[in-house]
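*Asks:* I would like the atomic coordinates for the input below:
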Amino acid sequence: MTLKLSTMVLATLVLIGCNVEAKSITFFAKQGEANECTLKKGDSCIVRLPGNPTTGYSWVAKTKNEDVVSVGEPEYQKNQNSRVVGSGGVYEFHVLPADGTAKGTAVVNFHYIRPWEANSLENAEPDYKLKCNVDD
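*Replies:* Numbers count the residues shown, from 1 in each chain. The predicted model follows:
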């Protein structure tokens, strides 16, 4: 049995706009397949990925175009419904337009890895991809 996630990963994208009603999109993301979101100035995208730090694995995000979007450090939330020690939870990433004025397209690759494997990410196939389009 592998410690990697199965090919189907549940991801939740929540788009929050300054002057618009918040939208919520929930979908099943396929491993290695690009999923898209469109951001405007003031928007943010929240990506939620299941994980379990007690296995030694955690999520790492790598951005292909940091001039267009920035990705914050993940926040881990343990499963509140489970009383089992070592049960999993959710890693939450916030994706934002880089400086509020940048436009274009960026790809954020999410890898479920052990920390000592981080230096081998350059050529690694991501477990989850998010394509972000930033408009006016």
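*Asks:* and the spatially closest residue to residue 97 that is not a sequence neighbour, bridged to which residues?
*Replies:* Spatially, and ignoring its direct neighbours in sequence, residue 97 is nearest to residue 134 (4.9 Å; Cβ to Cβ, 6 or more residues apart in numbering). (C-beta placed from N, C-alpha, C; glycine too.) Residue 134 has these beta-bridge partners by DSSP bridges: residue 39, residue 104.
*Asks:* residue 134 reaches residue 39, doesn't it?
*Replies:* Yes - in this structure, residue 134 is within contact of residue 39 by Cβ atoms under 8 Å, at 5.1 Å.
*Asks:* quick one: residues contacting the nearest residue to residue 118 once chain neighbours are set aside.
*Replies:* Of all residues not flanking residue 118 in the chain, residue 60 sits nearest, at 6.2 Å (Cβ to Cβ, 6+ apart). Applying Cβ atoms under 8 Å, 6 or more residues apart in numbering, one finds that residue 60 lies in contact with 110-111, 113, 118, 121.
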